[in-house]
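Trainee: what's the 3D shape of this:
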Amino acid sequence: MLNFDALPSPLWVLGTGTGVGKTFVSARIAEAWAQSAPVTYRKPFQTGVDRADDPEADATYLKRPGVTVENHILLKAPLAPLAAAQREGKTLDLAATAAWCRRPAESAHGRVLLEGVGGLMVPLAPSTHFLAWATDLKIPCVLVALGGLGTLNHTLLSAEALMLRGWRLEAVLLNPGADGATLEAAEENAAVLRGFLPVLVHVLN
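Mentor: Numbering: from 1, shown residues only. Next up, the predicted model:
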């Protein structure tokens, strides 16, 4: 069983791709953490919105008692950060974004939760994808994946990419709610993944 409160801080919530439910999982973790300590949720890259309080912004979904939400880079086009930035004629300052991510929690006893953008290798800058950039931060993660068809390949590829770069992968979370998979199918996929991965594989419900 997965105990959200036992997950370390700071922590990345990463996904095998877009639409797997990273924000949903971030909200679940933040809500659990907020029962015992203040939570600072950070979204370093947000595309598809033009202001922090946009109803479509992931941080908007995380707003709740005990949780402070922070955005860093906002880009209007609903594209990969590199493509969205190029459309606006911008160059992302990845060093400054890394420093922003490393800042301690708002409270001395608080916890920090960070949410990625898209899949692991979404481009941030020419020749730099998210995984290459975020590896240097040395922050552990959970990996969110779909529950149904195709998730075995995507999850194993993503988990292997993380582990080969030395990431501390706390858990793989299958989210059948994101793709409409049955709980039975998700549990079957989780059982297969447990035979390949040396980490907790949990099905969300």
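
Trainee: buried sites along the lowest-mean-pLDDT helix or strand in the chain?
Mentor: Among the helices and strands of the chain, helix 58-62 carries the lowest confidence by mean pLDDT, DSSP states H and E, at a mean of 89. Residues 58-59, 62 are the ones in helix 58-62 that count as buried (16 or more other CB atoms under 10 Å). Heads up, the C-betas are built off the backbone N, CA and C, glycines and all.

Trainee: Now flag whichever of those residues is closest to Ser36.
Mentor: The shortest approach to Ser36 among these belongs to Leu62, at 17.2 Å (CB to CB).

Trainee: what's near enough to touch that closest one?
Mentor: 23, 26-27, 30, 41, 69 (CB atoms under 8 Å, 6 or more residues apart in numbering).

Trainee: confidence score at the residue lying farthest from the centre of the chain?
Mentor: What lies farthest from the middle of the chain is Gly89; by CA atoms, centre = their mean that is 26.2 Å. pLDDT recorded at Gly89 is 97.

Trainee: Spit out the contact partners of Leu137.
Mentor: 98, 101-102.

Trainee: Please, which helix or strand holds it?
Mentor: Leu137 belongs to no helix or strand when elements are defined using DSSP states H and E.

Trainee: List the buried residues of the longest helix belonging to the chain.
Mentor: Taking DSSP state H as the criterion, the chain has its longest helix at helix 151-164. For helix 151-164, a neighbour-count test (16+ other CB under 10 Å) marks 151-152, 154-156, 158-159, 161-162 as buried.

Trainee: And for stretch 97-109?
Mentor: For stretch 97-109, a neighbour-count test (16+ other CB under 10 Å) marks 97, 101, 105 as buried.

Trainee: circling back to that earlier point, dump the buried residues of helix 151-164 into CSV; add distance to Glu187 as well.
Mentor: Formatted as CSV, those follow (distance: CB to CB, whole Å):
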residue, distance to Glu187
Thr151, 12
Leu152, 13
His154, 17
Thr155, 14
Leu156, 17
Ser158, 20
Ala159, 18
Ala161, 25
Leu162, 23
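
Trainee: ok, the buried residues of helix 58-62 vs Lys76, which is closest?
Mentor: Asp58 (15.0 Å).

Trainee: of the buried residues of helix 58-62, closest to Leu120?
Mentor: Asp58 (17.0 Å).

Trainee: bridging residues for the closest residue to Asp179 other than its chain neighbours?
Mentor: Using CB to CB, 6 or more residues apart in numbering and skipping the chain neighbours, the partner closest in space to Asp179 is Leu146 (4.3 Å). Here Leu146 sits in beta bridges with Asn175, as judged by DSSP bridges.
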